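Enquirer: sequence and predicted structure are below.
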Amino acid sequence: MDSCNCVEPQWTPDDLLMKYQYISDFFIALAYFSIPLELVYFVKKSAVFPYRWVLVQFGAFIVLCGATHLINLWTFTTHSRTVALVMTISKVLTAVVSCATALMLVHIIPDLLSVKTRELFLKNKAAELDREMGLIRTQEETGRHVRMLTQEIRSTLDRHTILNTTLVEMGKTLALEECALWMPTQNGLELLLSHTLRQHSPVQITVPIHHPTIKQVFSSHRAMVISPNSPVAMIRPCTGKYMAGDVVAIRVPLLHLSNFHIHDWPDPSKRPYALMVLMLPSDSARRWHLHELELVEVVAEQVAVALSHAAILEESIRARDLLMDQNVALDMARREAETAIRARNDFLTVMNHEMRTPMHAIIAFSSILQETDLTPEQRSMAETVVKSCNLLATLINDVLDLSRLEDGSLELDIRTFNLHSVFREVLNLVKPIASVKKLCICLRLAPDLPEFAIGDDKRLMQTTLNIVGNAIKFTKEGSVTVMVCLERQEYLRDPRFPDFRLTHGDQHFYLRVQVWDTGVGVHAQEIPKLFNKFVQSNSAATRNYGGTGLGLAICKRFVSLMDGHIWIDSEGVGKGSTVTFVVKLQQLHPNETKQQISPPMPPKQLQTEFTGLKVLVIDGNVVNRMVTKGLLVHLGCDVTAVVSCREAFQVMQQAGTNFKVLLVDVCMPDMDGYELAICVKEKFSIQAERPLLVVLTANPDRSTRDRYLSIGMDGVLLKPISLENMRNMLNELLDQAFHM
C-alpha cells in the first residue's frame, strides 16, 4: 500500500474549550505553587522528620510542574520561539526531577514501611504498657486494701473482732455476697462454722475435715476455686435465680504455739488449718481475677498471724488472771500464816513466861532445900525435882529455838571462840551421865584442828551436846566416841544429798564432827524421818527411851544456818549409829588471836555469903517476888521487895536506903526495864552512887541480853533461877563493881 503523506486537516480551536483549558492550567499552576509552601511549613514544624532532602526534591518537582502549566498558558495563542524554548526547558527539567524523585521513592518507601512497622510496635507496646499500668494501679489498690485490712485486723487482739473485721472488709473490698470462716474443732476431725459475713450468729454447722474439697484446699497454700455445691459453700442466701457465683476457698494456718496451751485451740501436733470461703454474687458474669486471688492469699496470711498473736495474748491474759488469783490466794495464805506465826509466838512468849514462873519457884526452893540437912531419901527427891525442872526448861528452850528457826528470827551470834574448849566442855557435861551408865566416852581432836575460830560457839556446843546426849541416851553398854577434824574432799559424805558441795577459801574452813555409838541403831528407811520435829524412830528399842523428838530437828536447822549438812548412818537395829555434821567456820588470823581472845582470868575464891548486901527486888508477880527474895535472904542479903517501879523510886528516896543491887523483872505493868534504866541513870548521875541494875527475864535469846546490856543494865538473869545461879551472878556483879 502506498504511503500516505496526507495531513489531517487543521483543527480550528474552539474558544470555549480553550477557555476551560486555560482556566484549568491556571488553577493547576496555582495548586502546584501552593503545595511547596505547605511542604516548607511541614518541614519547619517537624523537627524529627529524617527525609528533608526528599521533600526538597519533591517540592522542586511540583514547582517545575506548576511552571510548566503556567508557561503553557502562553501556548494557547500565537507565541514566540522564546516561549517555546522556555516551555521545552521547563518540561526537560520536570522530566529529570520527576525521574529522580521516582528513583528515590523506590529506596525511601521500604524505610517508610519499616517506620510504620515500628509505629505499630510502639502502639502495641503502649497498649501493653497501659494494661500494665492498669494492673499496677489495681495492685496498688489491692495493696492499699491489704494495708487497710491489716491495720484494721491488728488494731485489736481479740480473735472474734479480728475475724469479723476480716470478713466485713473482704466483703467490701471484693463486693462479696457471702464470706465465711470455718475453724477446726479441738479434736481436729471437723470444721465448725464460726463466723459469717451476713449472719451475726451462724448456725453451728460442722463438716468432716476429710471431705475431698477440704483436703484439696488444705493441700495447697494458694487460693482455689471450688464448686458452689461444696458443703462449705452451701451457706449463702438463696437469692440467685439462675446460677450461683464463683466460690474461692483458702486455708488459714494456725501457727504452732509450743509454749502455750490454749483451752479452745486445736491440737498443734496435727498442723491445724482454718478455712476461709469467699463467694461472688449470684447471677453474675463476674469471675475471680488473679490480683483478687493474691489479695485473698495475703489476707489469709495476715489473719493467721493475727489469730496466733491474739490467741497468745488471750492465753497470757488468762494466765495473768490465774496468776493474780493465785497471788491473791498466796497473799491471803501468807497473811494467815503470818497471823498464825504471830499468834504462835505470842502464845509461846506467854507460855514461856507463865511456865517459867512456877519453875522459878520450884528450882529456887529446891536448890535452897538441897543446902539444908536432909536425909538421903529427901536429898534424892530434891535432886530429882531439880533435874526434872531442868529438863522442862530445856524443853521450853528447844520449843522457843524451833519457833525462831521456823520464822527466821533466830540469828547466829558470830564471835571469836576457843574451838577446843567447846568440845571439852561438852565432854565435861556428859561425863557424869556416861559414868552412871558405865559407858566409855572418848574425844579425839585432830592435830591440825585450829585452836580458835569465828562463829556461833553456843549453837555449835548446843548441836554437839544434843547429838552426844542422844548417843549416850540410846546406848545401854559400850562406848561413845566424838571425832573432830577438818573436812577433807576425800572424806565420805551423805549419799542421799549429793548436791552438798564445799566452797573452799582462805577466809573459812569446814569443821567435821562425827559421833559413833554402840547403841540401839536405827532402820535405814527411818533415818530421813528423824530430822522432822516431834518424830522418833518406831522401833521398840527406841520407844523405851522417851523424848520429844525436837533435838535432831533443831540440830539440822542450826547446821543449815552455819552453811553445813548433817546426816546419820546405821547398819540396822542393834548395830549402833554414826551421826556426822559439817559446819562452816571463819578462819582466824594468827595475829588476831591474842587481840580478840582475852586470856582466862586466874581462878579466885568466890563468896558464898553476902551478909549486909542491900538488894531491892522489883517484881509484880507475888510468887516470883517471894522466890527471888528467898534466894537472896538465904545468901545473907538485906532484901527489900516492892511490886512496881513507882514504889521502888519511893523507897530509894527514903533516907538510909542505899541499895547496892536492883533486881527488876522485865515485865512490869507501869514501867519496863528500859525506862527504869534511864530513870536510874538520871537519878544517880554519879557512877559510884548508882546501884547495879540486873534484869530478870524469861527470854533466853542472846539478842535480848545484849539489848539490855547496851542500855546500861549491869547483868541479865534468866529464869528459872537456882541458888547457884544467884550466887554466881552476885559474885560477877561485885567483881565488876570492884574493877570499875
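Expert: Cool, the structure landed. Residues are numbered from 1 along each chain as shown.
Enquirer: which SS class is T372?
Expert: Secondary structure state of T372, per DSSP: H, G, I helix; E, B strand; the rest coil, is coil.
Enquirer: okay, now it: neighbour count?
Expert: Using other C-beta atoms under 10 Å, T372 has 10 neighbouring residues. Heads up, the C-betas are built off the backbone N, CA and C, glycines and all.
Enquirer: list the contacts of it.
Expert: By C-beta atoms under 8 Å, 6 or more residues apart in numbering, T372 lies in contact with nothing.
Enquirer: please repeat the previous calculation with a cut-off of 10 Å.
Expert: By C-beta atoms under 10 Å, 6 or more residues apart in numbering, the residues touching T372 are Q378, R379, A382, H634.
Enquirer: cool, H221 as well?
Expert: I250, R251, P253, Y273, E297, A300, E301.
Enquirer: now the strands: where do they sit in the stretch 601-740 of the chain?
Expert: Remark: strands assigned in the stretch 601-740 of the chain by DSSP state E, counting those that start in this stretch are 614-618, 638-642, 661-665, 692-697, 715-718.
Enquirer: strands along the stretch 251-400 of the chain, start to end?
Expert: For the stretch 251-400 of the chain, applying DSSP E, counting those that start in this stretch gives strands covering 273-279.
Enquirer: which stretches of it have low pLDDT?
Expert: 255-271, 352-353, 391, 395, 398 (pLDDT under 70).
Enquirer: try the stretch 551-700 of the chain
Expert: 590-606, 655-656, 670, 672-673, 685, 687.
Enquirer: switch the cut-off to 90
Expert: 551-565, 567-576, 587-614, 618-636, 642-700 (pLDDT under 90).
Enquirer: drop anything exposed from the contacts of H221.
Expert: For those, a burial check counting by 16 or more other C-beta atoms under 10 Å picks out I250, R251, P253, Y273, A300.
Enquirer: just send the residues you listed back as TSV, with distance to G521 too.
Expert: Shown next, in TSV, are the buried ones among the contacts of H221 (distance: C-beta to C-beta, whole Å):
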residue	distance to G521
I250	77
R251	72
P253	67
Y273	68
A300	75
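Enquirer: what is the nearest of the residues you listed to E675?
Expert: Nearest to E675 among the buried ones among the contacts of H221, counting by C-beta to C-beta, is P253 at 77.9 Å.
Enquirer: my guess is that closest one contacts E297. True?
Expert: No: contact criterion C-beta atoms under 10 Å: P253 and E297 do not qualify, at 11.8 Å.
Enquirer: deepest of the strands of the stretch 601-740 of the chain, which one?
Expert: Highest mean neighbour count among those (mean count of other C-beta atoms under 10 Å): strand 661-665, with a mean of 24.
Enquirer: now the helix or strand where V422 lies: buried residues?
Expert: According to DSSP states H and E, V422 maps onto helix 419-436. For helix 419-436, a neighbour-count test (16+ other C-beta under 10 Å) marks L419, H420, V422, F423, V426, L427, V430, A434 as buried.
Enquirer: try stretch 695-714
Expert: 695-702, 704-705, 708, 713-714.
Enquirer: in helices only, show me the residues you listed.
Expert: Among those, the ones falling in helices (DSSP state H) are R702, T704, R705, Y708.
Enquirer: tell me how far the last one lies from T697.
Expert: This means Y708. Distance, Y708 to T697, by C-beta to C-beta, to the nearest Å: 8 Å.
Enquirer: and what of the third one?
Expert: According to C-beta to C-beta, R705 stands 8 Å off from T697.
Enquirer: with the second one instead?
Expert: Taking C-beta to C-beta as the criterion, T704 is separated from T697 by 6 Å.
Enquirer: give the residues shared as contacts by those two.
Expert: V666, V716, L718.
Enquirer: quick one on the thing from earlier: would you convert the ones in helices among the buried residues of stretch 695-714 into JSON lines that also reports pLDDT?
Expert: What follows is these, written out as JSON lines (pLDDT from 0 to 100):
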{"residue": "R702", "pLDDT": "70"}
{"residue": "T704", "pLDDT": "73"}
{"residue": "R705", "pLDDT": "76"}
{"residue": "Y708", "pLDDT": "79"}
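Enquirer: now render the residues you listed as JSON lines, adding distance to D331.
Expert: Formatted as JSON lines, those follow (distance: C-beta to C-beta, whole Å):
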{"residue": "R702", "distance to D331": "33"}
{"residue": "T704", "distance to D331": "31"}
{"residue": "R705", "distance to D331": "36"}
{"residue": "Y708", "distance to D331": "37"}
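Enquirer: one step back: which one of the buried residues of stretch 695-714 sits closest to L174?
Expert: For the buried residues of stretch 695-714, the nearest to L174 is D701 (81.4 Å; C-beta to C-beta).
Enquirer: does the closest one really touch K458, like I thought?
Expert: No: assessed by C-beta under 10 Å, D701 is found out of contact with K458, at 11.0 Å.
Enquirer: need the residues touching each of those two.
Expert: Common neighbours of D701 and K458 (C-beta under 10 Å, 6+ apart) are D413.
Enquirer: burial check on I454, number of neighbours?
Expert: I454 - counted by other C-beta under 10 Å - has 19 other residues nearby.
Enquirer: and the pLDDT for it?
Expert: pLDDT recorded at I454 is 92.
Enquirer: quick one: K529 is in a helix?
Expert: Yes: judged by three-state DSSP, K529 forms part of a helix.
Enquirer: roughly how far does it sit from G521?
Expert: 15 Å.
Enquirer: break down the stretch 101-250 of the chain into its helices, ranges please.
Expert: Ranges of helices within the stretch 101-250 of the chain are 159-174, 212-218, based on DSSP state H, counting those that start in this stretch.
Enquirer: possible to save these as TSV with distance to C442?
Expert: Below are these laid out as TSV (distance: least, C-beta to C-beta, whole Å):
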stretch	distance to C442
helix 159-174	77
helix 212-218	83
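Enquirer: tell me which of these lies nearest to E336.
Expert: Here helix 159-174 is closest among the helices of the stretch 101-250 of the chain (C-beta to C-beta), at 39.1 Å.
Enquirer: off-centre distance for stretch 297-306?
Expert: Between the centre of stretch 297-306 and the centre of its host chain there is 30 Å, according to C-alpha atoms, centre = their mean, to the nearest Å.
Enquirer: next, the buried residues of it.
Expert: In stretch 297-306, counting by 16+ other C-beta under 10 Å, buried: V298, V299, A300, Q302, V303, A304, A306.
Enquirer: CA atoms of that stretch as CSV?
Expert: Taking Å, rounded to 0.1, in the frame of the first residue of the first chain, the C-alpha atoms of stretch 297-306 are listed here in CSV:
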residue,chain,number,x,y,z
GLU,A,297,-3.8,-15.1,99.9
VAL,A,298,-2.2,-12.1,101.6
VAL,A,299,-5.1,-11.5,103.8
ALA,A,300,-5.2,-15.2,104.8
GLU,A,301,-1.5,-15.0,105.9
GLN,A,302,-2.2,-11.8,107.9
VAL,A,303,-5.2,-13.3,109.6
ALA,A,304,-3.2,-16.4,110.5
VAL,A,305,-0.5,-14.2,112.2
ALA,A,306,-3.1,-12.0,113.9
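Enquirer: rewinding a little: what's the overlap in contacts for R705 and T697?
Expert: Residues within reach of R705 and of T697 at once, by C-beta under 10 Å, 6+ apart, are V716, L717, L718.
Enquirer: for those residues, could you give me CSV that also reports pLDDT?
Expert: Output for the shared contacts of R705 and T697, formatted as CSV (pLDDT from 0 to 100):
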residue, pLDDT
V716, 86
L717, 85
L718, 82
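Enquirer: in TSV: these, plus distance to E724.
Expert: Listed next are the shared contacts of R705 and T697 as TSV, based on distance: C-beta to C-beta, whole Å:
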residue	distance to E724
V716	17
L717	12
L718	13
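Enquirer: L93: which of the buried residues of stretch 297-306 is nearest?
Expert: V298 (75.4 Å).
Enquirer: re the thing from before, ok, of the contacts of T372, which come out buried?
Expert: A382, H634.
Enquirer: if we can go back for a sec, from the shared contacts of T704 and T697, which is closest to K476?
Expert: Using C-beta to C-beta, the shared contacts of T704 and T697 come closest to K476 at L718, 34.3 Å.
Enquirer: okay, and the beta partners of that closest one?
Expert: Taking DSSP bridges as the rule, L718 bridges to T697.
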